[in-house]
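> this is the structure alone, sequence omitted:
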């Protein structure tokens, strides 16, 4: 008995000493604190060296050929989106997007591409263009007030500290300086947008923030103009929508009222839609409904030494071995990749349908406008079309076609500018494109009738004269690159 | 030691006796053997009573309201598909489908609906109509040879043993008589179709059979006609396709060459497409690629007494609590149901777009044809349109529009006839519908131009005169039922 007791005591003592000696859980050492308002990523990097290194990798290209449609940073080649989708050159002719519109290369390059690479016409809107491109945007907006939007781009850009004049998305855009929790930096854009749909930006759940920090920039926006066409603000066209259902119809209703440029081919003042990732993704998409946030797929966890960090080299999951996907999906990366392509192939097919159909309608407007202006010369009436009967182009048909055309145009741009080629919300993207095709077809139909009634015979196949729009673009005389054109993957569109 | 040995022996003996006494695994008792060639389900039921009971339940309606769009067997009401989608009444006017076209009620009713309920015009094609409706089809085909197809429906139907003249899909359609393994009964249709795409029907994997037994009927088909418009055969339009990629384009190429009826509104001889479930599902769909077979989702395992059987009360998973879905998906049935609707809502939206766009084009053909026939009367030329210049309707525009129109029509029918409202292959269904919209828009555009050139002014909004087609249909004078109409779930189509 004595011996048993002695053994039991030794065991207990041993266990106790094992617990006592077991080292505490490893935690990152943070010898440096980040100051309030610090923007310099190098300073943040002292506290968060692993995340900093991962973030800095957005400077590096991804392996060529790893994504079928989003090749923006394949082996340092710049992909010209207007050559990929030639109808866009026709439709965007009239402002910077129709001159140079490249597939983006990632966070590290976003401001640099704007400042050094892109045709100057892309910055015509002014300081407002910096709102997503520099982590200093909120500070500049505060300092300059309303002038921030309208002042020349170069002037506002010059106020950024010299060493950060090429700095893209940085730590402070998404993170609190203290605990590296998430925060919304752009209250003047996203904060206002959230309030407009009844959501308090100060009461966001951490999981919501894992998408909303991205939604500071991966959204569409409108730039209101004054009478002199100077930018006077910036807002997300969400008013009237609700959280989780920011429909394309709502976005378009605002875009149609906020003209930012004039389309050369048609002469129409138009609004615009940019990269509506958050809008498309959050509108009833499968992954959204499954509770996935942007960061879940685009910032998968990875091992870094003895730590586990979320990958700050943000990119398409197709480009990093689908690491984000396999966290939840048991299938192989190859299998998953084919599923992504199954969706993207179909989106591209319908995008091209919608694009060419809209471009055909645009060319018919060009023709109709020429007739209207001839009639004006002939009759001497300042705007022949506006005084019923003076123009041979039927006014009601023309106006009807214009309405349909704009609906088609914005839908096409909505999906075309969205970064996932439909993957963020397959059925919705295809619905939007199907509607675009419907509107474009209706516009074409009414215009063909109006032109025929005016005695103008339109050939069955309309010549889009694409080289006019694709070649010799801007100061740099950019040319069409047929090697990068993305054609219908189903090869069924020859008849058009 | 002795005591220890004795204890060990007792333990071993106990264990041995436990194994010995443990009853053998329960296996179904099969006191009855099914004879070779037996068709009577009651005989099969003696050997497989649990499956028989489950099969017999296809006689019973499913709970009303459990599927948003497929309400075919909701609480014994018959749903008129032409009232659900009114444009179909216009497009199908000219034969039985335009008279009475109901949502089906399930396997037990399939022949009975045909014989007792449906307007007689639906059986005009002859004995061929029985090919999917009775388990006696292969036998009748063998007995009658080529006459099977062309003989009057009533005559061929009269050769079925009297007690089975209302019997729908039965055990022998899918099962081997011995072991209840799966078999293809319809070698003259599916067997031939498989051979046409290079697949040997005698070498099918059991998993393939779990879809292919369904593909005996859940496919589209063509009925070739002789000069007297009598049916002379039956084939699935798969020639030129490959396994896993029976594309809508292949199906349409065949349908366009196999005219079965004449569309009243346009006067065009046309082919047709029926319920292409297998074609749509097997063409790169998510569930197909995940290895799921029809039976996995539509015949989930269920407990029956102490056995586990696959549910032979085959129906939409939406109608039986999504039991098929939750076998693989960990989400709640409610969550899964919303995902199905997210796809189906979008499919219905684009289906209606395509449907109304195609109907508009059809009405413009009606107008163009009226002009052509007036010109014929005026000029005395037998077919004014065929002698260039004699008709005021431009021939090339008319011919171009006709080609586009037919492409739109078949795509619309492909998705409209498919039983899943897009769910079997969401992206593909939406691509097909988007293409339908594109073709219909192009047809409308060319026709508006041709009509305007001929001096015919078409209003911007074409009156489809739907009551003409919807009311007073057939011998039974069927009427439009506005209560069941399925409108665009997004409510954005008022402008058309």
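Looks like it arrived, so ask away. Note that the structure is a prediction, hence the values are computed from the model and not measured.
> what number of residues lie near the nearest residue to residue A:487 once chain neighbours are set aside?
Nearest residue to residue A:487, sequence neighbours excluded (C-beta to C-beta, 6 or more residues apart in numbering or on different chains): residue A:352, at 7.3 Å. C-beta coordinates here come from the backbone N, C-alpha and C atoms, glycine included. Using other C-beta atoms under 10 Å in any protein chain shown, residue A:352 has 23 neighbouring residues.
> same check, this time on the one 3 residues further on
Using other C-beta under 10 Å, the number of residues around residue A:355 comes to 27.
> got a list of what it touches?
A:85, A:87-88, A:91, A:412, A:416 (C-beta atoms under 8 Å, 6 or more residues apart in numbering or on different chains).
> the residue nearest to residue A:487 contacts residue A:489, correct?
No: Residue A:352 is not in contact with residue A:489 according to C-beta atoms under 8 Å; the separation is 9.2 Å.
> if I look at whichever residue of the stretch 351-496 of chain A sits closest to chain B, what pLDDT would I see?
The minimum distance from the stretch 351-496 of chain A to chain B, using C-beta to the nearest C-beta, falls at residue A:441 (1.7 Å). In this prediction, residue A:441 carries a pLDDT score of 98.
> may I see the buried residues of the helix or strand hosting it?
Residue A:441 belongs to helix A:426-453 when elements are defined using DSSP states H and E. By 16 or more other C-beta atoms under 10 Å in any protein chain shown, the buried positions in helix A:426-453 come out as A:426-453.
> stretch A:206-223 now?
A:208-223.
> which two of these have the greatest separation?
A:210 and A:223 (27.9 Å; C-beta to C-beta).
> follow-up on the earlier one: could the contacts of residue A:355 go into a markdown table alongside distance to chain B, pLDDT and neighbour count?
Listed next are those as a markdown table, based on distance: C-beta to the nearest C-beta, whole Å; pLDDT from 0 to 100; neighbours: other C-beta atoms under 10 Å in any protein chain shown:
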| residue | distance to chain B | pLDDT | neighbour count |
| --- | --- | --- | --- |
| A:85 | 16 | 98 | 22 |
| A:87 | 14 | 98 | 24 |
| A:88 | 18 | 98 | 24 |
| A:91 | 17 | 98 | 27 |
| A:412 | 12 | 98 | 30 |
| A:416 | 14 | 98 | 25 |
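> would you reformat those residues as a markdown table and include secondary structure?
Formatted as a markdown table, these follow (DSSP: H, G, I helix; E, B strand; the rest coil):
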| residue | secondary structure |
| --- | --- |
| A:85 | coil |
| A:87 | helix |
| A:88 | helix |
| A:91 | helix |
| A:412 | helix |
| A:416 | helix |
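> centroid-nearest residue for chain A?
residue A:275 (1.9 Å; C-alpha atoms, centre = their mean).
> can you give me the pLDDT of the nearest residue to that residue once chain neighbours are set aside?
Spatial nearest neighbour of residue A:275, excluding adjacent residues (C-beta to C-beta, 6+ apart): residue A:417 at 5.1 Å. Looking at residue A:417, its pLDDT reads 97.
> ok, residue A:417 - how many residues close by?
Using other C-beta under 10 Å: residue A:417 sits among 18 other residues.
> next one: it from residue A:148, what distance?
Applying C-beta to C-beta, to the nearest Å, the value for residue A:417 to residue A:148 is 24 Å.
> check contacts around residue A:133.
A:110-111, A:114, A:168.
> again, 6 Å this time
By C-beta atoms under 6 Å, 6 or more residues apart in numbering or on different chains, the contact set of residue A:133 is A:110-111, A:114.
> and what of residue A:410?
A:252, A:255, A:273.
> do residue A:126 as well
A:150-153, A:231.
> what about it, distance to residue A:155?
With C-beta to C-beta as the criterion, residue A:126 and residue A:155 are 9 Å apart.
> how about residue A:224?
20 Å.
> ok, those two, which is more surrounded?
Between residue A:224 and residue A:155, residue A:224 has the larger neighbour count (other C-beta under 10 Å), namely 17 against 12.
> thought that one was touching residue A:231?
No: between residue A:224 and residue A:231 there is no contact under C-beta atoms under 6 Å: 7.3 Å.
> count the neighbours of the residue nearest to residue A:161 when sequence neighbours are not counted for me.
Once flanking residues are discounted, residue A:161 sits nearest to residue A:136: 7.8 Å by C-beta to C-beta, 6+ apart. Residue A:136 sits with 22 neighbouring residues when counted by other C-beta under 10 Å.
> cool, residue A:93 as well?
Residue A:93: 20 neighbours (other C-beta under 10 Å).
> just say helix, strand or coil for it.
Assignment for residue A:93 (three-state DSSP): coil.
> which residues touch the residue of the stretch 151-300 of chain A found nearest chain B?
At 5.2 Å from chain B, residue A:284 is the closest residue in the stretch 151-300 of chain A, using C-beta to the nearest C-beta. If you count contacts by C-beta under 6 Å, 6+ apart, residue A:284 has them with residue B:342.
> try it again with 8 Å
Contacts of residue A:284 (C-beta under 8 Å, 6+ apart): A:244-245, A:425, A:428, B:342.
> where does residue A:478 fall, phi/psi-wise?
phi -70, psi 150 (degrees, to the nearest 10).
> which of the helices or strands spans the closest residue to residue A:464 other than its chain neighbours?
The shortest distance from residue A:464 to any non-neighbouring residue, by C-beta to C-beta, 6+ apart, is to residue A:359 (5.4 Å). If you go by DSSP H and E, residue A:359 is part of helix A:333-379.
> picking up where we left off before, give me the nearest residue to the residue of the stretch 351-496 of chain A closest to chain B, chain neighbours excluded.
residue B:441 (1.7 Å).
> residues contacting the one you found?
Residue B:441 neighbours (C-beta under 8 Å, 6+ apart): A:357, A:437-438, A:440-442, A:444-445, B:357.
> before we move on, the earlier item: number of nearby residues for the residue nearest to residue A:464?
24.
> for residue A:461, same thing?
10.
> before we move on, what about residue A:144?
16.
> check the offset of stretch A:173-192 from the chain's centre.
When C-alpha coordinates are averaged (C-alpha atoms, centre = their mean, to the nearest Å), stretch A:173-192 and its chain have centres 19 Å apart.
> and that stretch, how far apart are its ends?
16 Å (C-alpha to C-alpha, to the nearest Å).
> could I get the buried residue list for that stretch?
Applying 16+ other C-beta under 10 Å to stretch A:173-192 flags A:173-175, A:177, A:180, A:182-192 as buried.
> got it, and stretch A:116-125?
A:118-119, A:122-123, A:125.
> now do it: everything it contacts.
A:78, A:95-97, A:99-100, A:102, A:114, A:129, A:153-154, A:166, A:223, A:231, A:260, A:473-476, A:478.
> among the residues you listed, which ones are buried?
A:78, A:95-97, A:99-100, A:102, A:114, A:129, A:153, A:166, A:223, A:231, A:260, A:473, A:478.
> tell me which of those is nearest to residue B:31?
residue A:102 (76.0 Å).
> isn't that closest one up against residue A:81?
Yes: assessed by C-beta under 8 Å, residue A:102 is found in contact with residue A:81 at 6.2 Å.
> ok, the closest residue to residue A:402 other than its chain neighbours - how many residues close by?
When the adjacent residues along the chain are set aside, residue A:402 lies closest to residue A:268, with 7.1 Å between them (C-beta to C-beta, 6+ apart). For residue A:268, the number of neighbouring residues by other C-beta under 10 Å comes to 18.
> let me see the contact set for residue A:231.
Counted by C-beta under 8 Å, 6+ apart, residue A:231 has contacts A:125-128, A:149-150, A:223-225.
> list the buried residues of stretch A:394-409.
Quick answer for stretch A:394-409 (16+ other C-beta under 10 Å): A:394-395, A:397-398, A:400-402, A:404-409.
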